[in-house]
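A.B. asks: This is the structure alone, sequence omitted:
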């Protein structure tokens with residue numbers, strides 16, 4: 001992808017698996033690369049992967065989500081984000097960028113460069129904001145991600161959402177085990 005570009009990879013996918021190429025957004029580098037890897041490794045079309053939901057592949061699964069009251073969740077996110085920024089994440093990103101070079105560590109690229117907090121820490125390293133502003137922005141990005149997770153979980157068929165607020169941890173664990181055993 002680095003030498004030929006994403007368009008060339010998507011074109012290659014279109015040649016070897018046209019159905020997959022039509023189904024995968026040409027701007028979605030991860031999916032394009034994964035489809036090409038799968039086709040090259042297995043010799044089979046990636047476009048047939050909808051079979052994962054067929055009964056022969058289905059294994060009973062219990063999806064359990066533990067949720068917290070939003071103000072408590074957001075308070076924890078704020079505290080954790082400040083600790084991450086103060087506790088070594090900045091130095092980790094600095095070393096990563098120095099080791100790899102600016103061109104391959106631009107925020108938004110695949111891998112760590114698309115991680116929550118990475119763009120915000122890069123802005124700090126570039127002198128565009130203070131450490132405090134960075135922690136606030138990391139927390140805001142994390143809260144947005146948490147909201148997306150909750151939305152996704154609420155749409156997931158058969159997901160069990162538990163608010164453990166009024167239970168001790170052992171009771172919550174027993175409830176989860178009972179759900180898993182009932183499958």
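C.D. replies: Arrived safely. Predicted, not measured: the structure shown is a model, and the values here were computed from it. Residues are numbered from 1 along each chain as shown.
A.B. asks: and residue 38, what element?
C.D. replies: helix 29-42 (DSSP states H and E).
A.B. asks: do the same with residue 161
C.D. replies: Assigned by DSSP H and E, residue 161 falls in strand 160-162.
A.B. asks: Tell me the helices and strands packed up against that strand.
C.D. replies: With contacts taken as 3 or more CB pairs under 8 Å, 6 or more residues apart in numbering; DSSP states H and E, strand 160-162 sits against strand 64-66, helix 169-181. To be clear about C-beta, it is placed using only N, CA and C from the backbone, and glycine gets the same treatment.
A.B. asks: Parallel or antiparallel, which strands does the shortest one pair with?
C.D. replies: It refers to strand 64-66. strand 160-162 (parallel) (DSSP bridges).
A.B. asks: and the protein, what are its domains?
C.D. replies: 6-51, 70-155 (automatic domain parsing).
A.B. asks: looking at those, which is closest to residue 63?
C.D. replies: Closest approach to residue 63 among the domains of the chain is made by domain 70-155 (7.7 Å; CB to CB).
A.B. asks: what's the span of the closest one from first residue to last?
C.D. replies: 18 Å (CA to CA, to the nearest Å).
A.B. asks: average pLDDT across it?
C.D. replies: Mean pLDDT, computed over domain 70-155, is 94.
A.B. asks: do the same with stretch 42-49
C.D. replies: 77.
A.B. asks: Would you mark the buried spots in the longest helix that the chain contains?
C.D. replies: As assigned by DSSP state H, the longest helix anywhere in the chain is helix 131-155. By neighbour count with 16 or more other CB atoms under 10 Å, helix 131-155 contains the buried residues 134-139, 141-143, 146.
A.B. asks: What is the helix holding residue 38 packed up against?
C.D. replies: helix 6-16, helix 18-23.
A.B. asks: Which pair in the buried residues of helix 131-155 has the greatest spatial separation?
C.D. replies: Top of the distance list for those (CB to CB): 134 and 146, 18.5 Å.
A.B. asks: Just the element for residue 79, please.
C.D. replies: Short version, using DSSP H and E: residue 79 is in helix 70-84.
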